[in-house]
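[1] got a structure for you, letters missing:
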């Protein structure tokens, strides 16, 4: 942009003359070369400012308490490490689930708090004046520990891992602290598994004992029912035999009475015929034929009437029947009934059942229950040697602190100081240039005023 100045001379009342001043050129363009030359001329200033800022950064990084970082990586244990636990058939723990459980323990507030309380070094490092032990633990839990997990999209066993990072001040042995926390979490899970295993085994044993009691009760009930059934069957058979015996005796008594009645009738007939001795119809017919001359033909295959026995035989039989005290010997069935009743007086099967010494030997299914109980009792609950996870990388002592990064801070201080030095140099260059322009304009105006102008006016166009 070009600007022209005019000097107006006034004499008296009016304007007598107008004389132009030398033109002043104001440029909007940036002269890069001039700026670079100005910066180069002030390189000492820029270097001094940069060094000052780098020195301040160095003072800061060496005065701040450094923080170090250690990390460890856990991976799933091998299948054979958990084989003994899984073969117990009461507790199933795949390697992936074991890794997740240990990771959950490492991220657990309770586990971290327990380890913090047991580690005096951590308590001393994170305790500050005015802080309670709970606040010191909160600072440790919030800022020092970080759990690292794999990408959830990758679910294969090879990509499964649990990482744990810890930042700590210089006075803490971070390697021992982090490895100790991992071992504390693993041991905590081992104790939990041991307690769970004891509870599960105890519950299974109680269940087996309950099944044993149920099996014994069932067997005893079946035995009592069998004995009751046998005794009831014997009672029923005995009652039936006694009924049959009474019926037979009544029948035999009726037969005897009928026989006596028949004998009375036959005795009467025999007396009327004069038969005292036994005879036959044929013999009786021959004697009459000799007397009267009549012929009596005997019909063969016809029962001889009873009175032909004669009164002597019939009366003798009659008296014997009347003197008889029991008719049991007449029917062989009575002897058979007595035999059966005698056998029913004592049931040998019932006696054997009642005289058993060890009833459990006869309980059905008790062998498998006893074997299961013995197996449960022999399961070891000592999980001190159980390897839940594989420590892929132990925490090692770091070679340098992670906070503050001294080289980075010093470099940033140097760069920031250089930038601020350049800004100061540019400002000085701009101020000097402005003063030179103002001095030039003032000298030009002074040359035109030396002719004795009374009241000059500067017009800018």
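    Received the coordinates, thanks. All values derive from a computational prediction rather than experimental measurement.

[2] going forward, measure contacts and count neighbours with C-alpha atoms only.
    OK.

[3] Counting neighbours, what do you get for residue 201?
    By other Cα atoms under 10 Å, the residues close to residue 201 number 20.

[4] ok, residues contacting the longest strand seen in the chain?
    Longest strand in the chain, counting residues (DSSP state E): strand 67-76. Contacts with strand 67-76, where a contact means Cα atoms under 8 Å, 6 or more residues apart in numbering, come from 95-96, 98-99, 157, 160-170, 174-175, 178-179, 388-398, 400-404.

[5] got the contact list for residue 340?
    residue 241.

[6] which helix is the longest one in this protein?
    helix 174-273 (DSSP state H).

[7] so what does that helix touch, helix or strand wise?
    strand 67-76, helix 95-106, helix 109-118, strand 162-169, helix 310-323, helix 332-344, helix 348-354, helix 366-377 (3 or more Cα pairs under 8 Å, 6 or more residues apart in numbering; DSSP states H and E).

[8] now with 6 Å?
    Counting contacts by 3 or more Cα pairs under 6 Å, 6 or more residues apart in numbering; DSSP states H and E, helix 174-273 is packed against helix 310-323.

[9] How about residues contacting the helix it packs on?
    Helix 310-323 has contacts (Cα atoms under 6 Å, 6 or more residues apart in numbering) with 260, 263, 267, 270, 275-278.

[10] mind redoing it with 7 Å?
    256, 260, 263, 267, 270-271, 275-278 (Cα atoms under 7 Å, 6 or more residues apart in numbering).

[11] closest to residue 341 among the residues you listed?
    residue 256 (25.2 Å; Cα to Cα).

[12] Extract the residue ranges of the protein that are flagged as low pLDDT.
    The model of the chain has pLDDT under 70 over residues 1-30, 129, 154-159, 285-302, 448-461.

[13] what do you get if the cut-off is 50, keeping everything else the same?
    Under the criterion pLDDT under 50, the flagged ranges of the chain are 1-18, 24-26, 28, 289, 291-301, 452-461.

[14] Kindly tell me how buried residue 308 is, as a neighbour count.
    Neighbour count for residue 308, taken as other Cα under 10 Å: 22.

[15] where does it land in three-state SS?
    helix (DSSP: H, G, I helix; E, B strand; the rest coil).

[16] That one contacts residue 274, doesn't it?
    No. Counting by Cα atoms under 7 Å, residue 308 stays clear of residue 274, with 10.1 Å between them.

[17] Can you show me the helices along the stretch 351-461 of the chain?
    Listed in chain order, the helices of the stretch 351-461 of the chain (DSSP state H, counting those that start in this stretch) span residues 366-377, 406-449.

[18] Tell me how far the longest helix of the chain lies from the chain's centre.
    Chain-centre distance of helix 174-273: 42 Å, with Cα atoms, centre = their mean, to the nearest Å.

[19] quick one, phi/psi of residue 146?
    Dihedral pair for residue 146: phi -150, psi 120, per degrees, to the nearest 10.

[20] partner residues bridging it?
    residue 165 (DSSP bridges).

[21] what's around it, how many residues?
    16.

[22] and it, how far is that from residue 71?
    If you measure residue 146 against residue 71 using Cα to Cα, to the nearest Å, the figure is 9 Å.

[23] Identify the contacts common to these two.
    Shared contacts of residue 146 and residue 71, counting by Cα under 7 Å, 6+ apart, come down to 164-166.

[24] burial measure for the nearest residue to residue 42 once chain neighbours are set aside, as a count.
    Among residues not flanking residue 42 along the chain, residue 425 sits closest, at 6.3 Å (Cα to Cα, 6 or more residues apart in numbering). As a burial measure, residue 425 scores 22 neighbours (other Cα under 10 Å).

[25] before we move on, what about residue 368?
    Other residues close to residue 368 by other Cα under 10 Å number 12.

[26] just checking, the residue nearest to residue 42 touches residue 39?
    Yes. Between residue 425 and residue 39 there is a contact under Cα under 7 Å: 6.1 Å.

[27] still on that earlier bit, out of the contacts of helix 310-323, who has the most neighbours?
    residue 267 (26 neighbours).

[28] Skipping adjacent residues, who's closest to that one in space?
    Per Cα to Cα, 6+ apart, closest to residue 267 is residue 311, 5.2 Å.

[29] so how far is residue 256 from the one you found?
    18 Å.

[30] how about stretch 330-339: buried residues?
    Residues of stretch 330-339 classed as buried: 334, 337 (neighbour count, 16 or more other Cα atoms under 10 Å).

[31] Going forward, count from 762.
    Got it, the first residue is 762 from now on, which makes the last one we talked about stretch 1091-1100.

[32] quick one: it to chain centroid distance?
    The answer for stretch 1091-1100 is 74 Å, by Cα atoms, centre = their mean.

[33] which other residues reach that stretch?
    So stretch 1091-1100 is contacted by 1002, 1006, 1089 (Cα under 7 Å, 6+ apart).

[34] redo that, cut-off 8 Å
    Outside stretch 1091-1100, the residues that reach it (Cα under 8 Å, 6+ apart) are 1002-1003, 1006, 1009, 1013, 1089-1090.

[35] swap in stretch 947-960?
    Residues contacting stretch 947-960 (Cα under 8 Å, 6+ apart): 851-852, 862-863, 866, 872, 1142-1145, 1147, 1149.

[36] Could you work out the most separated pair of those residues?
    851 and 872 (26.3 Å).

[37] higher neighbour count, those two?
    Per other Cα under 10 Å, whichever of residue 851 and residue 872 has more neighbours is residue 872, with 17 against 13.

[38] What residues sit buried inside stretch 1157-1173?
    1162, 1164-1165, 1167, 1170-1173.

[39] gap between that stretch and the chain center?
    The answer for stretch 1157-1173 is 46 Å, by Cα atoms, centre = their mean.
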